[in-house]
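Trainee: Got a predicted structure plus its sequence, pasted below:
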Amino acid sequence: MAKKPAANTETRATRQAAPAAPAMPTREDILAFIARERDAALAEGRTPPDKIGKREIARAFGLKGADRIPLKRILKELEAEGALEKRGKTLHKKGQLPAVVLADITGRDADGELLARPVEWDEAELGAPPRIAVYTPRKPRPGQPAAGVGDRALIRTEFIHDAKKGEPQYEGRVIKLLSRERPQQLGVFKSLPHGGGLLLPIDKKNLDRELSILPGGEGGARDGDLVSVDVLRAGRGMRPVAKVMERLGAIDNERAISQIALYTHGIPHVFRPETIAEAEKAKPAKLVGREDWRELPLITIDPADAKDHDDAVHARHDDDPENAGGFVLTVAIADVAAYVAPGSALDREALDRGNSVYFPDRVVPMLPERISNDLCSLRPLEDRPALAVQMVINKEGRKLRHSFHRIMMRSAAKVAYPQAQAAIDGWPDELTKPLLEPVLKPLWEAYHALRIARTHRSPLDLDLPERKLILTPEGKVDRVFTPPRLDAHRLIEEFMILANVAAAETLESRSQALIYRAHDAPSIEKLHGLSEFLSTIGIKLAKGQTLKPQNFNGILARVRETEHESIVNEVVLRSQAQAEYVAENYGHFGLNLRRYAHFTSPIRRYADLIVHRALIRALKFGEDGLPGTAPDELAEVAARISAAERRAMTAERETKDRLIATFLSEQIGASFEGRISGVTRSGLFVKLADTGADGFVPAATIGNDYFRHEEHLHALVGSRTGETYRLGDTIEVRLLEAAPFAGALRFEILSEGRGRMQRGGAAKGRKPPQRDKTPPSRKRSARSHKAAGPAGGRNRDRQR
C-alpha cells in the first residue's frame, strides 16, 4: 500500500508539537501534494478525490483561521502563472484531468471501445487533448441509458501510468449522461442588398427568432444556403447577431429540402471511402456450405418503387395427414451477414447509421448500393444467398414448428403490392397470370389461416393511415394521397411477424444473446389520463384495471362509426409506449407477443443483421456469426440503434412537413377542412384532411373569449361562453402563414366551437353549422387526388 502523502504526516507532527504555529507550505509543497493525492489513490486502487480545493489543502497542512490568508494568496499566484487550473472551487495541476471531467464521446478504437475527450481543454497551450478509454459496465444501472458516440457525459477518470504511445492516457467510467450542448445553430442564409444577411429559422420552436448576419460575417454563404452559425450576444431589445461558421449545402429547390433534416439531426449520408472500397471488393456468395433452394418458386412482394428486395415468400399445403388444412410457409431473407463482417468498415458504418432513412426525394441507405441494391437484393431469376425459415402452421394459423436454413435461392418474380392484389381479385396481368395458381393462391390461403391466429391473439388494432407525397421531376409536391391498405400488405406483414417470432424463439432456445424488439405496456400515468378522458364520453374503466391489447380493441370497437371514433383512436395511440430495441426481453405489448425480434430486413436495419449473426452462431451455419458479445455490449448497440430509429423517424416527418409547407405556401388565404390533432394551453394543432399537413392555431386568436385548457377533456374551453374546441373535432381553418424551411403553418379558425360543456362531456347550445364536407382545398385544385400506388409501410413497420 502506498504511503500517505508526506504533507499529512508532517502536518500531524506539527499539530502535536506547536498547534498554534503550523508550517506554511511552499508553492512546491502544494503542487506535490495535489499530484501525490491523486497518485496515492490510484496506487491503492481507490477512486481519486473528486475535489481538491483551498479547504482540502488547508486541512492537509493544518492551516486554520488567519493562516489561510497567505495560502489563498499563494494559490492565486499559482493559478495566475498557469501552474494550477481552477474549475469551480476545485484546483488541478496544469495539464492533468480532474477526477471527474465533462467529456464528449467522440468515437471508438479498433476494438470497438468508446473514446472520449474533455470538453474544456486549451489545445493552444497544452497540445492535443488526452484521450479517455470509456469503460462500459457489464450491468448498467436500471434506467441508465448506454453511452454512445455523440454523447456528452460526466466521466470519472483514472490516469493510466503504463499507457504506451498512441494509447489513451486515461480510462474512465460514465457517471451521468448529459444532453450535448449545441453552441452552433443551423438556418437558411438570406442575403441582403448591401451585404450581410439574415438567418431564417428551420426549427418550428424558433420561428420568431431571425438572426442578423453582419457584413463580413457571411463566411462565403450565398442566398439560400443551409449554414451553421455561432450566435453572438446582443444588447437588450436588439436582434441577435450571428456569424456563419460553415456552409452545409444549397437549399435552392425542393429537392434539396431533405438536406436540412440530414444536417439538423446529424444523419450520416456520405459513405466513408473505406466503406465504399470494401463494398466494391465484395464478390457474389458461393453455393458451398448452403442448401440449394433455387427451384423453390419464392417471390418478392414490395412497393412498386422499391429498389432493394430483402424478403421473399412461398406457401404450400402441408401434405402431412396429421395437419389437414395446414400449410408450410417459407420466408427467405437476404443473407447480409455473408457480406458485412463484424468489425469491418461496412459494419462500423452500418452501426453508425442504424437504419436506412426514407425521404420523399431520396433514400439514405444503411449499406452502399453495391450491397443493398445488388448483391443482397433478391432480384428475379438471379442466384442470391439467404437465411430462410420454414414454418408449419395448422388450419387456424397456429405455428406448430419451424426450422432455419442457410440457402441459395432464385426469386421467381418481383411483384408489386397492387399487382398481386389485382391478380387475386381476378385481374392478373402478364407477369402474375402464370403465378396465380401455383404461387399466389396458396399464399392467400395461408394468409387467411394466419388471420384466424391474429384474431385469436388480438394485437392492438389502431387505424394508422399513412399519406404518401408524390413529387414532380423538379422535386415539388405534386399531390398527397393515402394509399389503400390491401390484403397484399397484410399478408406480407403477417408472414414477417411469424418469421420474427421464430427467430426470437430459436435464439432463446439455444441460449444465444440477441437484440429483441420490445414494446412496453402503457404507463400508469398514461392509463389514468386515458381513463379520465374516456369517462367524459361514457366509457368507464375499472380502477386499477390491467389493460391488454384486446381491452383497447374493445374500446375502439365501441366508438367505431360514432362521433368519438377519431378522438378515441388519437387518445389511445398517445397512451402507448414507443417500441424499442433491447437486450433484455420484456415482450411486445402492441403485438401481444412474449418474444419478438427483427429478422426480416437486414438490408435496412442493423438490429436484423445482429439477429442474423446470432442465428448463424447458434445454428453453426458458418464462421461469420455474432462474435462472443457480452449482454452489456448488446444493450449498448440496442440503445444506439433505437436512438438512430427515432432520429430517422423525426427527420422523415420534418422533411414531409417542410415539403408540404412549401406546397401550401402558394395558397395563403385559402380555407381547408382539418381535424384538431393536439390541444395545449397555448393553442390547437390542426391536421388538414386533404394533405395531412400539421399547423397551429394560437389560443389568443380564437374568438372573443379567453380559452382555458381542460387537460382531462383534451379541449380548450371558453371561460365566458363555454365554447369548446376538442381533440378530434372537425373544423374549418384559413391558412395565414407558411414557413417552408421550418415546415410550419399558422391557421385561424373559421368554425364555431361546440356548445357549453356539462358534466360527463354532454354538449348543449349551438352546433357548428353544417357544411359541404368536400375540403375547400379540393374545390380550388384541379389536381387529381386518386390513390395511385401502394403503401410503403415503413412507419407501420417501425411500430412493430
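Mentor: Yep, that arrived. Numbering: from 1, shown residues only.
Trainee: Please, where are all the helices along the stretch 51-200 of the chain?
Mentor: Assigned by DSSP state H, counting those that start in this stretch, the stretch 51-200 of the chain shows helices spanning 54-60, 68-81, 123-126.
Trainee: again with the stretch 351-500 of the chain
Mentor: Under DSSP H, counting those that start in this stretch, the stretch 351-500 of the chain gives helices at 369, 417-424, 441-457, 487-509.
Trainee: and residue 579, what are its phi and psi?
Mentor: Torsion angles at residue 579 (phi, psi; degrees, to the nearest 10) stand at phi -70, psi 150.
Trainee: What is the neighbour count of it?
Mentor: Neighbour count of residue 579, defined by other C-beta atoms under 10 Å: 21. Every C-beta, even on glycine, is put in place using the N, C-alpha and C of the backbone.
Trainee: How much space separates it from residue 591?
Mentor: 9 Å (C-beta to C-beta, to the nearest Å).
Trainee: same thing with residue 226?
Mentor: In terms of C-beta to C-beta, residue 226 sits 40 Å off from residue 591.
Trainee: Repeat that for residue 438.
Mentor: Note on residue 438: its distance to residue 591, by C-beta to C-beta, is 31 Å.
Trainee: Compare these two (neighbour count), which wins?
Mentor: Neighbour count, other C-beta under 10 Å: between residue 438 and residue 591, residue 591 has more, with 21 against 12.
Trainee: And for that one, nearest residue in space, chain neighbours not counted?
Mentor: In space, not counting the residues next to it along the chain, residue 591 is nearest to residue 459; the distance is 4.7 Å by C-beta to C-beta, 6 or more residues apart in numbering.
Trainee: Pull the contacting residues for the one you found.
Mentor: 549, 590, 591, 592, 593 (C-beta atoms under 8 Å, 6 or more residues apart in numbering).
Trainee: Residue 311: which of the residues you listed is nearest?
Mentor: Comparing these against residue 311 with C-beta to C-beta places residue 591 closest, at 17.9 Å.
Trainee: Show the pLDDT at that closest one.
Mentor: Reported pLDDT at residue 591 in the predicted model: 96.
Trainee: A strand includes it, no?
Mentor: No: counting by DSSP: H, G, I helix; E, B strand; the rest coil, residue 591 is located in no strand; its state is coil.
Trainee: Assess the claim that it and residue 496 are in contact.
Mentor: No: Residue 591 is beyond contact range of residue 496, at 11.4 Å (criterion: C-beta atoms under 8 Å).
Trainee: Show me where the stretch 601-750 of the chain has its helices.
Mentor: Under DSSP H, counting those that start in this stretch, the stretch 601-750 of the chain gives helices at 606-618, 631-664.
Trainee: do the same with the stretch 201-350 of the chain
Mentor: Using DSSP H, counting those that start in this stretch, helices in the stretch 201-350 of the chain cover 258-264, 273-281, 345-353.
Trainee: got TSV for those helices, with distance to residue 149 and mean pLDDT too?
Mentor: As requested, the helices of the stretch 201-350 of the chain are exported to TSV (distance: least, C-beta to C-beta, whole Å; pLDDT from 0 to 100):
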stretch	distance to residue 149	mean pLDDT
helix 258-264	17	87
helix 273-281	16	96
helix 345-353	7	95
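Trainee: Generate JSON lines for these, with mean neighbour count and distance to residue 473 as supplementary columns.
Mentor: Below are the helices of the stretch 201-350 of the chain laid out as JSON lines (neighbours: other C-beta atoms under 10 Å; distance: least, C-beta to C-beta, whole Å):
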{"stretch": "helix 258-264", "mean neighbour count": "22", "distance to residue 473": "16"}
{"stretch": "helix 273-281", "mean neighbour count": "15", "distance to residue 473": "28"}
{"stretch": "helix 345-353", "mean neighbour count": "22", "distance to residue 473": "28"}
